[in-house]
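Undergrad: Here is a sequence with its predicted model. Questions after.
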Amino acid sequence: MTSVGRDRPDADRLPGDLPRRVACEERIAWMLRVNRRYGAQQRFQRLGPFAEAYARAQRRPISVSQLSRWESGHTQVRLDVVRGYEKTLGLPPFTLVGVADAVFRNESNGLALTRLARPDRDPVEAERRMNHLLDRVLSADVMTGLDWDELTWALTSAGRVFLRTSDWRALVNRLLSEQLIASGGAWRFRNESAQRLLWLGSSRPHVIGACADLVRDRRSQIVIEPLVIMDVVDHPEASRLLIEQVLDPASDQALRGALLGSAAHVRLNLFRPEQLDRLGSAIADRLLGLDADAGIRQLAGEVIAELPVPVRTRVVRRIRRLLDDDLDLRHVLTARRTASIEVGNALAARVSASVVARLPDDVDTQVEDVLRQLVTEILCSPNPEARLHAAQLLGATPLADPMADVLCDETARAARTQDGSTIAAVLTALPFLGSARHRRIVEHMVLATGVPPLVRNSAAWNIGHLPGRSTDLFWRQAIARHSDAAHRRPGRDSTALRGLVYSLGITGHETLLATIAADPTMPPGARSAAQWWRDLPGVVSTSAKL
C-alpha cells in the first residue's frame, strides 16, 4: 500500500501495465474508421470506394490521404467532416456528431464550447431563429434535441444576450427537466446544451441554481445528474453544493452524484483547501460507517485517489484497516481500477478478442488497441462517467451488437466467480450497446435471488434505458418482490424499488405508475416517486423523446 501516499502519476505515466490513455482526437478518428470499415456496406472497407461516395455526398472532391489523416487522428475533424461520414454511411443526422461532442466535452477538463463548431448564419436570420426558438421554449411548445442544439449554439455565439431573469430560469428549468428524463441521442443534445449554458456567464448562475433546487427537493427522483453537471464548474456555489451533498446527502443517489462530481472537481483544483479537508474527513466517515455499499465505496476511492497528497494520506491512515479487508477499494486507490491491473488487462483482452473474432474482416492494430482500452474503461473503471462515455462511443459503431453479446456471455463467467463489479458494469453498458434481445439478462438480474445489491440495483436502474419493452407480468413481479424487500429493510433494500419506478417513468408506463402511486401498501418513497413521474408536464415528457 505504499503507492497510495505518492504523488498522482502523470496522465501519460500510469502505474504498472495500464493501457495508455486514448486522446479525444484518436477516439473520434477510431469511431469514424470503425463505422466505415464495419458498417452495412462492405465496399467501404477500402478507402477508395468510400472516398468516391463521400465526395458525392458532400459535393466536393476528397482524397484517400485526407480520409486516412482523419481516421488516424493526425488531422482534427470538423463538423462537416463528421456530418459527411453520417451522410455517406446513411446514418441519421447528428448520430456521430452528438457522440463526438460528448467525447470532446469529456476530455476538455473544463467548460468549453465544442470543437465541432456549428456553421455561421446571416446575423439577421440567426437572431430571428433564436427568438423563434426562445418563444417556443417559453410558451411550452414541443422542443426537439436539434432545436436545443440550435438555440444554445445561437445563445453562446450571439455575444451579449439580454433575457429577463424569469426567462433565463424558465429556459434552464425546461432544458434540465427534459435532459433528466431523456435517453440516447435526445439526452446527448440536451446534455451538450446544458454544458453550453454553463459556459455562458449570463446563464451559468441559473443552471447552478436549478441544479441545486433539484437536488435539495426531497421529492426529486433524479439527483445524480444535476450534481454531475457541477463537476467542472468553477463557481463557489457548485463547490458548496457538492460538499453539502457529501456531508448531508438528500438521498443515497445524491451521495453518489456528489462523489462523482467531486472527483473531477478535486482533479481540477476547484475546491478550496478547507473544503478538501472536510471532503476527505466526510468520505472517511462514510467508508467507516456500515451503510456504504460497493458502488459508494468505489466512488469514494475515486475521490480519495484524486485528493492532494497530504489530505489523501490522512484519509488512508484512517481507513487503513478497511483497506486490508476491501480488495476492491484497494484496487481503486492503487490502480484506479475495480480489479487488479493483471486481472483487468486479462479481462479486457479476452472480451476484445471475442468481439474481434466475430467481425467479418481482419482488424488492424489501431482498431483493436482502442477497443481494448474502451473495454477496460467500461468494465474496470470505478468512475461511472468514464464507463458511460466509453460505452457511448462503442455504441455509436457497428461493434455495439457483438460487444453486447460478448458482455452478456461474460456475466455468466463473472457470476461463477462472484464478481459483482463486472456484472454491474455490464448492466450499466447494455443501454448503450444492446438491443431488445438483451433485455432478458437484465430482467433475470432484477428478479434473481441471491445477487449482490450492486448488481440488483444496476439492473433496476438501467432496464428502463434498454431497447424494447418488458411485459406487464415482469414489471408486476419485480415491483412486488422489491416492495416486499423495501418493507423488510427500508433503508438498505429500497434502492432497487426506486430504480424500478425510475425505469417505469423512463419507459412511460402510465398504468403501472398510477397503480403504484395509489397503492397504500406500497412504501411511501415508491408512491411519491411514481406520482412525481405522473406530475411531469406532458410537453416535457413528449419533447424528451425527440
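TA: Yep, it's here.
Undergrad: C-alpha only now, for contacts and for neighbours.
TA: Fine.
Undergrad: now Ala496: how far from Asp234?
TA: Using CA to CA, to the nearest Å, we find Ala496 at a distance of 34 Å from Asp234.
Undergrad: Looking at the two, which is more packed in?
TA: Ala496 (26 against 17; other CA atoms under 10 Å).
Undergrad: Next up, the contacts around the more buried one.
TA: 456-458, 460-461, 482 (CA atoms under 8 Å, 6 or more residues apart in numbering).
Undergrad: which element is it on?
TA: Using DSSP states H and E, the element containing Ala496 is helix 495-507.
Undergrad: Next: Ile378.
TA: Using DSSP H and E, Ile378 falls in helix 365-380.
Undergrad: Over to Phe104?
TA: With DSSP H and E as the test, Phe104 turns up in helix 95-107.
Undergrad: per-residue confidence averaged over that helix?
TA: Mean per-residue pLDDT for helix 95-107: 92.
Undergrad: roughly how far is the strand or helix carrying Ala460 from the heart of the chain?
TA: Using DSSP H and E, Ala460 falls within helix 453-462. On the basis of CA atoms, centre = their mean, to the nearest Å, helix 453-462 sits 16 Å off its chain's mean C-alpha point.
Undergrad: elements contacting the following helix or strand past that helix?
TA: Next helix or strand after helix 453-462 toward the C-terminus (DSSP H and E): helix 472-488. When contacts are defined as 3 or more CA pairs under 8 Å, 6 or more residues apart in numbering; DSSP states H and E, helix 472-488 packs onto helix 439-447, helix 495-507.
Undergrad: For the first one, buried residues please.
TA: Across helix 439-447, burial judged by 16 or more other CA atoms under 10 Å covers 439, 442-443, 445-447.
Undergrad: Going along the chain from the one helix or strand Ala194 maps to, find the next helix or strand for me.
TA: Applying DSSP H and E as the criterion places Ala194 in helix 184-199. Note on helix 184-199: by DSSP H and E, the next helix or strand toward the C-terminus is helix 204-216.
Undergrad: Mean confidence (pLDDT) on the next helix or strand after that next one, please.
TA: For helix 204-216, the following helix or strand on the C-terminal side (DSSP H and E) is helix 224-228. Mean pLDDT, computed over helix 224-228, is 96.
Undergrad: Run the chain-centre distance for helix 224-228.
TA: 10 Å.
Undergrad: Adjust the sequence numbering to begin at 32 for everything that follows.
TA: From this message on, residue numbering opens at 32, which makes the last subject helix 255-259.
Undergrad: quick one: contacts of it?
TA: Contact with helix 255-259 is made by 211, 242-243, 245-246, 272-273, 284-285, 287-289, 291-292, as judged by CA under 8 Å, 6+ apart.
Undergrad: go again using 10 Å as the cut-off
TA: Residues from elsewhere that reach helix 255-259, judged by CA atoms under 10 Å, 6 or more residues apart in numbering: 207, 210-211, 222, 238-239, 241-246, 269, 272-273, 276, 282-296, 416.
Undergrad: now Ser385: how far from Leu378?
TA: 11 Å.
Undergrad: which ones are touching the closest residue to Glu138 other than its chain neighbours?
TA: Setting aside the residues directly before and after it, Glu138 is nearest to Cys55 in space (CA to CA, 6 or more residues apart in numbering), at 6.2 Å. Neighbouring residues of Cys55 by CA under 10 Å, 6+ apart: 61, 104, 107, 131, 133-139.
Undergrad: Of the residues you listed, which is the most crowded?
TA: Ala131 (28 neighbours).
Undergrad: and the gap between the spatially closest residue to that one that is not a sequence neighbour and Gln423?
TA: Take Ala131 and drop its neighbours on the chain: the residue closest to it by CA to CA, 6+ apart is Ile59, 6.1 Å away. Counting by CA to CA, the separation of Ile59 from Gln423 is 12 Å.
Undergrad: okay, and the common contacts of those two?
TA: 130-131, 134.
Undergrad: from memory Trp563 sits against Gly536, does it?
TA: Yes. Counting by CA atoms under 10 Å, Gly536 is a contact partner of Trp563 at 9.1 Å.
Undergrad: Give the residues shared as contacts by those two.
TA: Joint contacts of Trp563 and Gly536 (CA under 10 Å, 6+ apart) are Leu544.
Undergrad: Between those two, tell me which one has more neighbours.
TA: The residue with more neighbours, out of Trp563 and Gly536, is Gly536; 23 against 17, by other CA under 10 Å.
Undergrad: In terms of helices and strands, where is the spatially closest residue to the more buried one that is not a sequence neighbour?
TA: Nearest non-adjacent residue to Gly536, counting by CA to CA, 6+ apart: Trp564, 5.8 Å away. Using DSSP H and E, Trp564 maps to helix 555-565.
Undergrad: Run the angle between that helix and helix 526-538 for me.
TA: Orientation check (axes from the mean of the first three to the mean of the last three CA atoms, to 10 degrees): helix 555-565 against helix 526-538 gives 10 degrees.
Undergrad: Next one, pLDDT for Gly569 please.
TA: For Gly569, pLDDT reads 96.
Undergrad: show me what contacts the most centrally placed residue in the chain?
TA: Ranked by distance to the mean C-alpha position of the chain (CA atoms, centre = their mean), the top residue is Leu419 at 3.8 Å. Contact partners of Leu419, counting by CA under 10 Å, 6+ apart, are 408-409, 425, 456, 459-460, 462-463.
Undergrad: Now the residues you listed in JSON lines, please, with extra columns for neighbour count, distance to Gly556 and secondary structure.
TA: Listed next are these as JSON lines, based on neighbours: other CA atoms under 10 Å; distance: CA to CA, whole Å; DSSP: H, G, I helix; E, B strand; the rest coil:
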{"residue": "Glu408", "neighbour count": "25", "distance to Gly556": "34", "secondary structure": "helix"}
{"residue": "Ile409", "neighbour count": "27", "distance to Gly556": "31", "secondary structure": "helix"}
{"residue": "Leu425", "neighbour count": "26", "distance to Gly556": "36", "secondary structure": "helix"}
{"residue": "Ala456", "neighbour count": "24", "distance to Gly556": "26", "secondary structure": "helix"}
{"residue": "Thr459", "neighbour count": "26", "distance to Gly556": "24", "secondary structure": "helix"}
{"residue": "Ala460", "neighbour count": "27", "distance to Gly556": "27", "secondary structure": "helix"}
{"residue": "Pro462", "neighbour count": "25", "distance to Gly556": "26", "secondary structure": "helix"}
{"residue": "Phe463", "neighbour count": "25", "distance to Gly556": "29", "secondary structure": "helix"}
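Undergrad: Pull the most distant pair out of these.
TA: Across these, no pair lies farther apart than Glu408 and Pro462, at 15.9 Å, counting by CA to CA.
Undergrad: Output the below-cut-off pLDDT ranges for the stretch 382-531 of the chain.
TA: Within the stretch 382-531 of the chain, the stretches with pLDDT under 70 are 521-524.
Undergrad: rerun at 90
TA: Flagging of the stretch 382-531 of the chain using pLDDT under 90 yields the residue ranges 391-397, 447-449, 481, 516-526.
Undergrad: so how far is the host helix or strand of the residue nearest to the centre of the chain from its chain's centroid?
TA: Assessed by DSSP H and E, Leu419 sits inside helix 415-426. Remark: helix 415-426 is offset 6 Å from the chain centroid, using CA atoms, centre = their mean.
Undergrad: export the helix or strand just after that helix as CSV, just CAs?
TA: Using DSSP H and E, the helix or strand that follows helix 415-426 towards the C-terminus is helix 431-447. Extracted in CSV, the C-alpha atoms of helix 431-447 (Å, rounded to 0.1, in the frame of the first residue of the first chain):
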residue,chain,number,x,y,z
ALA,A,431,-22.1,-2.4,-30.4
ASP,A,432,-24.1,-5.5,-31.0
PRO,A,433,-21.3,-8.1,-30.9
MET,A,434,-19.9,-6.3,-27.9
ALA,A,435,-23.3,-6.6,-26.1
ASP,A,436,-23.4,-10.4,-26.9
VAL,A,437,-19.9,-10.9,-25.6
LEU,A,438,-20.6,-8.9,-22.4
CYS,A,439,-23.7,-10.9,-21.7
ASP,A,440,-21.7,-14.1,-22.0
GLU,A,441,-19.1,-12.6,-19.7
THR,A,442,-21.8,-12.2,-16.9
ALA,A,443,-22.0,-16.0,-16.7
ARG,A,444,-18.3,-16.2,-16.0
ALA,A,445,-18.5,-13.3,-13.5
ALA,A,446,-21.4,-15.0,-11.7
ARG,A,447,-19.3,-18.2,-11.2
